[in-house]
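Enquirer: My questions concern the predicted model and sequence given below.
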Number of protein chains: 2
Amino acid sequence: MSLTVVGSIAFDAVKTPFGERERMLGGAAVHFSLAASFFTDVRPVGPVGDDFGDEEFAVLERRGVHTEDVERVPGGQSFFWRGRYEYDLNVAHTEDTQLGVFGDFEPKLSTAAQEADTLFLANIQPDLQRQVRAQCGSARFSALDSMNLWIDTAKESLLAAIAEVDCVIVNDAEVRQLTGESNLARAARAVMAHGPRAVVAKQGEYGAALFAGDSFFALPGYPLEDVRDPTGAGDSFAGGFLGYLDSHEGELDEAALRRAMGYGTVLASFNVEAFGTERVASLSRDEIDTRFHDLHAMTQFESLPIP
Amino acid sequence: MSLTVVGSIAFDAVKTPFGERERMLGGAAVHFSLAASFFTDVRPVGPVGDDFGDEEFAVLERRGVHTEDVERVPGGQSFFWRGRYEYDLNVAHTEDTQLGVFGDFEPKLSTAAQEADTLFLANIQPDLQRQVRAQCGSARFSALDSMNLWIDTAKESLLAAIAEVDCVIVNDAEVRQLTGESNLARAARAVMAHGPRAVVAKQGEYGAALFAGDSFFALPGYPLEDVRDPTGAGDSFAGGFLGYLDSHEGELDEAALRRAMGYGTVLASFNVEAFGTERVASLSRDEIDTRFHDLHAMTQFESLPIP
């Protein structure tokens, strides 16, 4: 099985109350790919500039990520994001965004990338998401992320992109904003009415909720006493979620989606324990499975016979 | 088994985007008692004024709540709260609070109330909580709620009250504020260091988390497509939680606390479906158990053998 992801490949400057980094490997497709690499073959698609060198490729390649579809644009600069988090890590401030080579990005996928069984359209302009979706006709399962910017500026394109995927994975505030419906359950149903069979509402430290057809499932965030940098948590979640689904040989039924929620939660939790890709890049599958079992134990309770 | 609760018995004026009520039965001890009444014998302790009449007593008594410890203060007015919720129901604004007879309240418990197996000290001045705690020496399990006002104005008293109970049930923001620790897991451990064996962090629509010793458990809020009035949700949660624990004949171990979290979640969810006490006052045990089973089904996922 194999998984293609399109999205930003970037450098981040991040400051949190627990430290800072002036320039570290980041971007949605990077966080996603590293998380998914524990489950399956991953191919990130996206442009980088001359500043993206062997050291950055090596981080991906050491995890077995296939980098043939990372497009080097001579003379260009990679996407750059600078952000700062408050003492309450749920509150982030973007201080600078430089699109660089992403400004003229036209996705051209290799045959291997086009033949992926699973596709993730990370948060990029919705028309680009649709171009990539159109090139991956044989995907068994596809999902997209988005953000308030595209809801505000390209809503029609975004709704068209949503209609073409199986699953939407966004923050809960974006589910509400997209539909103009403040009740999350109603908002999720409204998104599914556009086509997707599932909606995952990410809720930061509170975890994530899965709406699939008429069913509902939710997991808390994995409790951590040390959270250092939330950057990339949502993409690591998506990487664990779709990486597991891609590796799953049976039907992608409700049970599989629920386990995928567990792996997404686990990968997101590792991601926030250190800056950037530091923790996930050096993770082992054993650590993932141990935490998955811990998470399972933290969410179980005995039902009772109806008296 | 029996359960004593001390707290406000009140009239509320509430406006939400889905309707309003100019004067309805409310107060922490009322919401708590109605929720707990499905599990055990409940005795609310608190003062009311001349405005609290047969109609209000009847709402409690129809649910089998023992009202002997509701103290009628001749010439007084009952506690009154006026509040308004935004379209995002998580945002509440208090527009008026009139303490009335609560201003001079000195709790005097009947022998029956003193002999309770379970005790809940709802959100009142912490010295009053301690007075009641001292009168209930034989309680098997005791818990308290509090709020930012007491953390700001009576922190030492509140910490002394916390040291005397088995469980603290507060909003997650209050766990943080009480300890000056932004990480919830660390903050909960810091609260337990004062004495309690468990901390329940209520998280509004996101559900609730239970910290007990080194363990962690969390449940999402029950997903509802129609939420009309959040007033009393936290006290209904506490009523379901402690009502179940009081009715539980075995040890109050982790498994029992987790099931109690389930019943708390279910009672809170019914509470918010209608204004004030309207929904819980007319609820049946069958409806509660059905929703408990639904909640159980919504939170289960299969673990996997470690590969």
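Expert: Structure received. For clarity, every value in this text was computed on a predicted model and none was experimentally measured. Residues are numbered from 1 along each chain as shown, chains lettered A, B, ... in the order given.

Enquirer: near chain B at all, the host helix or strand of A:Ala201?
Expert: If you go by DSSP states H and E, A:Ala201 is part of strand A:198-202. No: residues of strand A:198-202 are not located near chain B by CB under 8 Å from any CB of the partner chain, the shortest gap being 10.4 Å. Quick note: C-beta positions are derived from backbone N, CA and C, even for glycine.

Enquirer: And that strand, how far out from the chain middle?
Expert: Computed by CA atoms, centre = their mean, to the nearest Å, the separation of strand A:198-202 from the middle of its chain amounts to 11 Å.

Enquirer: In it, which residues are buried?
Expert: Within strand A:198-202, the residues that count as buried by 16 or more other CB atoms under 10 Å in any protein chain shown are A:198-202.

Enquirer: ok, residues contacting it?
Expert: The contact list for strand A:198-202 (CB atoms under 8 Å, 6 or more residues apart in numbering or on different chains) reads A:143, A:166-172, A:175, A:184, A:188, A:191-192, A:208-213, A:234, A:237, A:241, A:257, A:261, A:264.

Enquirer: Please name the residues that touch the residue nearest to A:Leu89 when sequence neighbours are not counted.
Expert: Nearest non-adjacent residue to A:Leu89, counting by CB to CB, 6 or more residues apart in numbering or on different chains: A:Pro230, 5.2 Å away. Applying CB under 8 Å, 6+ apart, we find A:Pro230 in contact with A:16, A:85, A:89-90, A:92, A:204, A:272.

Enquirer: three-state assignment of A:Pro230?
Expert: Assigned by DSSP: H, G, I helix; E, B strand; the rest coil, the conformation of A:Pro230 is coil.

Enquirer: For burial, what's the neighbour tally of A:Phe18?
Expert: 14 (other CB atoms under 10 Å in any protein chain shown).

Enquirer: average model confidence for the strand or helix carrying A:Phe211?
Expert: Assigned by DSSP H and E, A:Phe211 falls within strand A:208-212. Across strand A:208-212, pLDDT averages out at 98.

Enquirer: Stretch A:28-40 too?
Expert: Mean pLDDT, stretch A:28-40: 98.

Enquirer: now do stretch A:117-131
Expert: 97.

Enquirer: what comes up buried for that stretch?
Expert: Using 16+ other CB under 10 Å as the test for burial, stretch A:117-131 gives A:117-126, A:128-131.

Enquirer: got the CA positions of the strand or helix carrying A:Leu119 in PDB?
Expert: Element membership for A:Leu119 (DSSP H and E) is strand A:118-121. Presented in PDB, the C-alpha positions along strand A:118-121 are these (Å, rounded to 0.1, in the frame of the first residue of the first chain):
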ATOM      1  CA  THR A 118      -4.500   6.700   0.000                       C
ATOM      2  CA  LEU A 119      -4.300  10.400  -0.500                       C
ATOM      3  CA  PHE A 120      -4.000  13.300   1.800                       C
ATOM      4  CA  LEU A 121      -4.500  16.900   0.600                       C
END
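
Enquirer: Now do that strand: everything it contacts.
Expert: Residues from elsewhere that reach strand A:118-121 (CB under 8 Å, 6+ apart): A:1-7, A:32, A:40, A:129, A:132-133, A:136, A:139-145, A:161, A:165, A:238-239, A:242, A:245-246.

Enquirer: follow-up on the earlier one: for A:Pro47, state which of the buried residues of strand A:198-202 is nearest.
Expert: Within those, distances to A:Pro47 taken as CB to CB reach their minimum at A:Lys202, with 26.0 Å.

Enquirer: Please, where are all the strands along chain A?
Expert: Per DSSP state E, chain A carries strands over the ranges A:2-6, A:10-16, A:19-26, A:41-48, A:70-72, A:79-85, A:92-98, A:118-121, A:141-144, A:167-171, A:198-202, A:208-212, A:215-219.

Enquirer: Tell me if the strand holding A:Phe211 is near chain B.
Expert: Yes: Strand A:208-212 lies within reach of chain B by CB under 8 Å from any CB, at A:Ala209.

Enquirer: Any buried residues in the top helix by length along chain A, and which?
Expert: Counting residues, the longest helix found in chain A (DSSP state H) is helix A:254-271. Burial within helix A:254-271, assessed by neighbour count using 16+ other CB under 10 Å, is assigned to A:256-271.

Enquirer: now could you export just the CA positions of that helix as CSV?
Expert: Extracted as CSV, the C-alpha positions of helix A:254-271 are listed here (Å, rounded to 0.1, in the frame of the first residue of the first chain):
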residue,chain,number,x,y,z
GLU,A,254,-16.1,2.1,11.5
ALA,A,255,-13.8,-0.1,13.6
ALA,A,256,-10.8,0.7,11.3
LEU,A,257,-11.6,4.4,11.4
ARG,A,258,-11.8,4.3,15.2
ARG,A,259,-8.4,2.6,15.5
ALA,A,260,-7.0,5.2,13.1
MET,A,261,-8.3,7.9,15.4
GLY,A,262,-6.2,6.2,18.1
TYR,A,263,-3.0,6.2,16.0
GLY,A,264,-3.6,9.8,15.0
THR,A,265,-4.0,10.8,18.7
VAL,A,266,-0.8,9.0,19.6
LEU,A,267,1.3,10.5,16.8
ALA,A,268,0.1,14.0,17.6
SER,A,269,1.0,13.5,21.2
PHE,A,270,4.6,12.5,20.4
ASN,A,271,4.9,15.4,18.0
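
Enquirer: That one near chain B anywhere?
Expert: Yes: judged by CB under 8 Å from any CB, helix A:254-271 and chain B are in contact via A:255, A:258-259, A:261-262.

Enquirer: would you turn the residues you listed into a markdown table with pLDDT?
Expert: Below are these laid out as a markdown table (pLDDT from 0 to 100):
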| residue | pLDDT |
| --- | --- |
| A:Ala255 | 96 |
| A:Arg258 | 97 |
| A:Arg259 | 97 |
| A:Met261 | 98 |
| A:Gly262 | 98 |
